[in-house]
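Trainee: generate coordinates for the sequence data below:
(chains A and B)
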Number of protein chains: 2
Amino acid sequence: MPLSRILGEYMAKVVFEPSGKKIKVSTGTTLLEAAKESGVTIDAPCGGKGTCGKCKVHLKSGPLGDITASERKKLSPEELKAGVRLACMASIEGDCIIDVPKESMLGEQKILIDGTETVVTLDPYVRVYTVTLPKPHLHDNRCDWFRLEDEIATCSEYTSIDFDLSTLRQLPNLIRDNNYELSVTMYRNHVLDIAKAPVEKVYGAAVDIGTTTMVAYVMDLTTGDIVGIGSMMNPQIPYGDDLMARISYSFNQENLEKLSKLVIEGVNKIIAEGCMKAGIDPSVLGEITIVGNTAMHHIFLGLYPKYLSLAPYCPVVKQPLDIPAQKVGLVAHRLANCHMLPVMAGFVGSDHVGVILSCDIHNSPEMTLAIDVGTNGEIVLGNKDGMVCCSAAAGPALEGSTIKYGMRAADGAIERISIKRGSLKPTYKTIGNTKPLGICGSGIIDIAAEMLKAAVIDVTGSIRPELEDENDRVQEGTHGYEYVIEWARKTGLNKDIVITSNDMREIQLAKAAIYAGVSILMEKKGITAKDIDRVMIAGAFGNYIDIEKAMTIGLFPEVPMEKVMSVGNAAGTGARVSLISREKRDEEKVILDKLSYVELATHCTFQKHFVSAMNFPHKDLSLFPETMKHVYAPIPRNKK
Amino acid sequence: MPLSRILGEYMAKVVFEPSGKKIKVSTGTTLLEAAKESGVTIDAPCGGKGTCGKCKVHLKSGPLGDITASERKKLSPEELKAGVRLACMASIEGDCIIDVPKESMLGEQKILIDGTETVVTLDPYVRVYTVTLPKPHLHDNRCDWFRLEDEIATCSEYTSIDFDLSTLRQLPNLIRDNNYELSVTMYRNHVLDIAKAPVEKVYGAAVDIGTTTMVAYVMDLTTGDIVGIGSMMNPQIPYGDDLMARISYSFNQENLEKLSKLVIEGVNKIIAEGCMKAGIDPSVLGEITIVGNTAMHHIFLGLYPKYLSLAPYCPVVKQPLDIPAQKVGLVAHRLANCHMLPVMAGFVGSDHVGVILSCDIHNSPEMTLAIDVGTNGEIVLGNKDGMVCCSAAAGPALEGSTIKYGMRAADGAIERISIKRGSLKPTYKTIGNTKPLGICGSGIIDIAAEMLKAAVIDVTGSIRPELEDENDRVQEGTHGYEYVIEWARKTGLNKDIVITSNDMREIQLAKAAIYAGVSILMEKKGITAKDIDRVMIAGAFGNYIDIEKAMTIGLFPEVPMEKVMSVGNAAGTGARVSLISREKRDEEKVILDKLSYVELATHCTFQKHFVSAMNFPHKDLSLFPETMKHVYAPIPRNKK
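Mentor: Predicted coordinates:
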């Protein structure tokens, strides 16, 4: 009888070597449970049923429960004598020290997700199981299906498996031709492939369908490594730069089919590009995960997107979807799954769910603000106790559109700029170090912040008229004052590259929309900027902008700089995380449950917040004390 | 507070009008539970959650628990005043009388399954749900999927539903174009069709693929009626009369594909024939259920059947399968399910599982012997406590093959015959009342029994040589004695139609194989013929043979005649039962669990039983006391 049954339940301390991790647990707890709780990841593919024999550990000292029948079956007499136990079977009876050999550690890897601090365990839904089937005889005439199923059950958590008809047709010969030794590639409990053992590798792809650019990450699912990347501009761009244009175009069913076909072909192209770089054929991809904003998600699937754009902005479907890749039109394994991450609302898409997933906001105690800046700024605020989100119609100004000399981030685009206080002389850097042709997004944020700090503009965003006389960088254009970044002769355009008063207005509208969204979310959570623990700027945009300058113009609330980080393409990272981690995949639904959506357009305080946020950085300057120190710093006398 | 809470729990008697059914239950039980237990089937599509409001009943007298919030929501003040309650919400507080109005009775029908005494409740997996969706507004911006799903949940047991991509693509417009009033046809929780409400009818087909003939029953799933039948000879016959020949032919993959294609095309043809008779298009069939012996099952699905014919005779798959009909190649609704009933062993197929299902052997307390006579006699013995089965290699003698003048049951076949004791003069009936051309299965059983009773043969099956001198009906042929059924001039062959000593031997081998199988099953169950409560003879064969004569020759054990019944095409009936009853469908797995298979070929006592059963009716005459009274009855003197 186990000691604990006699003594009653009490607490015992367990130390796991070589990591030295410790935990106190009730007696009677299994070593596997204790290890899990302490953060030691012991391999137990059978789910702790005592059937796979993988969770061997070594008892160094202390009392454990009696050796079980399963252990006698799975461990040799020598092993038992040497103190080897199965962690899933051995119960803790008192303080003990356990050695976990390397081969019993979960074949899992902890993968640091780039840009964020999130660590993910490699445990994809697509896996290979290598089994040896017992040969049939008159007293074991199980059917082929059950023969394989029973064996898979011993080394996985699946008690039943599923076949498509065409694999089933080959099953009897596959079993016998390979002498009962098989490698079975599975997606969940569905058999994708059966082949002569051993098969080592399985692959998948994670795709981010952006309004502007699309990226595919081809991944080795046995290592979690990206083995190839493909990317291209979204081929729908000719049918509309922004989402609303594409949704409107898709009101017509034929047009929807055209856009859907374009994006599917595009995704196939970038996946093929990634596969080519990895030296594999797309037909080995066992699964594809996809993120995109709600309109991209709907158009990709051919779901009629009209009602996304009409109040109350209902998506056709919100929850995560698993659809045969073949049905979607994706080129992959013929049985590959296409997993669509869930969308939250008409304008908060699976890209933003991907951001939450990869930044682990839904599990974190830290109050996190994540902003994906784009034509629609998708914003979430919250932590493990609940999150609110919204979509702010920022418009395309921060991406360079609607700005007189705005342009995409291409050669010749001014991406960095600073303005000398006093002289107002700018120093800038162009992409490709060529003559400037215009200003891209990061440059636009820079120039607004620099013009504010150099007092070219005041807090209302107006270019100070008195400067026209003081400094030839400020001149009157066709629509009011403008600031000259570069003189015509030094540009690639033979025109002065300027920022106009109109441009300033466009920037103000964009940043005010986002800030107002953040304000309403803070209001909903009942917090102020001081309560925010982390600010995460996502999107390609977030990679390039100068975060401090973005804060200077009041794109988001002022917080200490060390709390702000750029998390890169966190949406795409979310798709990757979903591809390689069952746990994270399953959390997608948790995110939907914990997340509530706020419709800004009809929100009663939106207008107030929006107007207040039009100022640089804000009408209420007390919200930006640190920023204002720079703005109000004494300006050196201008030596004209 | 409910009275029972104050008084403590005690028993109360509830009477349900108008049926008058009574039951005693603990107080606190809901009326719905009590009704169910008493056999009164109240309609509660929401599963008793109080959301559908269908289970209205009328309290005539006695105490019930307080009116719940759900009841206030679903019942009008007038109804509440009149004593109307929801059966699922109202708890029983003491003896009471409840009136169940007709409209609250389950829309289910009890259907008497022909040939058997089984009653089945109409409750197919394919159903139509008619719903009105709440229209979206800013405070209810659920996605279209959830909007429909939530509504289906109120009137079905499904808490989640599933779409294929192409229906999902149409969903937003289907909802809005039909003003939120929809009829949703579903297979389980999968949406097959969405249409303007109301849709009334749904259809399905049940198919029996026999080695020789195939039948399709097209059924109205809202009534359980057969609305059209199609049938044809199995188009594989040219590739082999019997199973072994077809299995051998299919060792070659190309041949397998050829036979598979033939049978699928055949099934499509007979389904189309049934649909034509019903005046419907096959594209409305929501589900197709299929039975057949294991070889037919495998070849139909294109599963390599070779190992069915080699020890240890493993099927590729045993359990019930649900495969998209489209993938199988069947013509039906594009999303229709094809349900294959399970097979038990290499030579006990889903046809026999269908027999068990339709005869309800697995639920019956009666010890039942069911025999499906054919080239392989599939035999099951048992009851709800467990069943054993086997396949007896009877050969084709009882179907007319290997018998000198044997023929199929067609015009000119002798199907009934009796022989006058003493004169040995036969009286017979041919199919179509034409001149005889040969003898079919039922005639073969008859002639053996009559020759035994008339003492043309002795119990060893030998034609008594002394008769050659006594009666010109007995003559010496090329291979021993033969009995003349009809003289050449009166036949359509211009040859004497005779039964030879060889024919008798073939009949003996066939019936001995079946009897030996039954003997071994009785041995396994530890019973004798006296313990058998019911004998069911299945198959087209069972419909035509004279059961008493079959018992006379010892095809199965002697039991009182009232215990024996012919159950017709019970295999096909099983397919129909599976189509119209979820409960029965789910019992298919129960049957597999309760059924164990005995391999006769390697069974140690087979040879002994087989040899003993070669005699007419058996070597141990004490097993056939009643039969022997006829055989040993005094024979009138022959007036030659």
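
Trainee: quick check: end-to-end length of stretch A:339-346?
Mentor: In stretch A:339-346, first residue to last residue: 19 Å (Cα to Cα, to the nearest Å).

Trainee: neighbours of A:S166, how many?
Mentor: Using other Cβ atoms under 10 Å in any protein chain shown, A:S166 has 11 neighbouring residues. For glycine as for every other residue, the C-beta is placed from the backbone atoms N, C-alpha and C.

Trainee: equivalent analysis for the one 10 residues further on, please.
Mentor: Counted with other Cβ under 10 Å, the neighbours of A:R176 add up to 16.

Trainee: what's the domain layout of chain A?
Mentor: Per automatic domain parsing, the domain ranges recorded for chain A read A:3-104, A:125-196, A:359-396+A:508-627, A:399-501.

Trainee: tabulate the ones you listed (CSV), appending distance to chain B and mean pLDDT.
Mentor: Shown next, in CSV, are the domains of chain A (distance: least, Cβ to the nearest Cβ, whole Å; pLDDT from 0 to 100):
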stretch, distance to chain B, mean pLDDT
domain A:3-104, 21, 84
domain A:125-196, 4, 94
domain A:359-396+A:508-627, 6, 93
domain A:399-501, 28, 92
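
Trainee: just say which of these is most tucked in.
Mentor: Ranked by mean neighbour count, the domains of chain A are led by domain A:359-396+A:508-627 with a mean of 21 (mean count of other Cβ atoms under 10 Å in any protein chain shown).

Trainee: how much space is there between the closest residue to A:K306 other than its chain neighbours and A:L308?
Mentor: Nearest non-adjacent residue to A:K306, counting by Cβ to Cβ, 6 or more residues apart in numbering or on different chains: A:F251, 5.2 Å away. Separation of A:F251 from A:L308 (Cβ to Cβ, to the nearest Å): 11 Å.

Trainee: just so I have it, where are all the helices in the stretch 301-450 of chain A?
Mentor: With helices called from DSSP state H, counting those that start in this stretch, the stretch 301-450 of chain A shows them at A:325-328, A:350-359, A:441-453.

Trainee: neighbour count: A:F251 and A:L308, which is higher?
Mentor: More neighbours surround A:L308 than the other of A:F251 and A:L308, with 27 against 12 (other Cβ under 10 Å).

Trainee: which residues does the more buried one contact?
Mentor: Going by Cβ atoms under 8 Å, 6 or more residues apart in numbering or on different chains, A:L308 touches A:I247, A:T294, A:A295, A:H298, A:C314, A:P315, A:G346, A:F347.

Trainee: next step: these restricted to strands.
Mentor: Residues from the contacts of A:L308 lying in strands, with DSSP state E as the criterion: none.

Trainee: could I get the residues you listed in JSON lines, plus columns for distance to chain B and neighbour count?
Mentor: Below are the contacts of A:L308 laid out as JSON lines (distance: Cβ to the nearest Cβ, whole Å; neighbours: other Cβ atoms under 10 Å in any protein chain shown):
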{"residue": "A:I247", "distance to chain B": "12", "neighbour count": "24"}
{"residue": "A:T294", "distance to chain B": "10", "neighbour count": "31"}
{"residue": "A:A295", "distance to chain B": "13", "neighbour count": "28"}
{"residue": "A:H298", "distance to chain B": "9", "neighbour count": "28"}
{"residue": "A:C314", "distance to chain B": "5", "neighbour count": "24"}
{"residue": "A:P315", "distance to chain B": "4", "neighbour count": "29"}
{"residue": "A:G346", "distance to chain B": "8", "neighbour count": "28"}
{"residue": "A:F347", "distance to chain B": "11", "neighbour count": "28"}
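
Trainee: can I get these in TSV with pLDDT?
Mentor: Formatted as TSV, the contacts of A:L308 follow (pLDDT from 0 to 100):
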residue	pLDDT
A:I247	95
A:T294	96
A:A295	96
A:H298	97
A:C314	94
A:P315	96
A:G346	92
A:F347	91
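
Trainee: one step back: out of the domains of chain A, nearest to B:S76?
Mentor: domain A:359-396+A:508-627 (35.3 Å; Cβ to Cβ).

Trainee: please, which helix or strand holds the residue nearest to A:L623 when sequence neighbours are not counted?
Mentor: Beyond its immediate neighbours in the sequence, the residue positioned closest to A:L623 (Cβ to Cβ, 6+ apart) is A:E558, lying 6.2 Å away. Per DSSP states H and E: A:E558 is located in neither a helix nor a strand.

Trainee: which residues are in contact with A:E558?
Mentor: Per Cβ under 8 Å, 6+ apart, neighbours of A:E558: A:A529, A:M551, A:P617, A:L623, A:F624, A:P625, A:E626, A:T627.

Trainee: helices of the stretch 51-200 of chain A, start to end?
Mentor: Using DSSP H, counting those that start in this stretch, the helices of the stretch 51-200 of chain A run over residues A:69-74, A:77-81, A:144-155, A:165-177.

Trainee: so which elements touch the third one?
Mentor: To tie it back to what came earlier, the one meant is helix A:144-155. Packing contacts for helix A:144-155, counted by 3 or more Cβ pairs under 8 Å, 6 or more residues apart in numbering or on different chains; DSSP states H and E, involve strand A:126-132, helix A:165-177, strand A:181-187.

Trainee: run the angle between it and strand A:126-132 for me.
Mentor: Orientation check (axes from the mean of the first three to the mean of the last three Cα atoms, to 10 degrees): helix A:144-155 against strand A:126-132 gives 110 degrees.

Trainee: dump helix A:144-155 to CSV, restricted to CA.
Mentor: What follows is helix A:144-155 as a C-alpha-only set of coordinates in CSV (Å, rounded to 0.1, in the frame of the first residue of the first chain):
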residue,chain,number,x,y,z
ASP,A,144,-5.8,-3.3,-40.3
TRP,A,145,-7.4,0.0,-39.1
PHE,A,146,-7.6,-1.1,-35.5
ARG,A,147,-4.2,-2.7,-35.7
LEU,A,148,-2.6,0.6,-36.5
GLU,A,149,-5.0,2.6,-34.3
ASP,A,150,-4.1,0.5,-31.3
GLU,A,151,-0.4,1.1,-31.9
ILE,A,152,-0.8,4.9,-32.4
ALA,A,153,-2.7,5.0,-29.2
THR,A,154,0.3,3.8,-27.3
CYS,A,155,2.5,6.6,-28.5
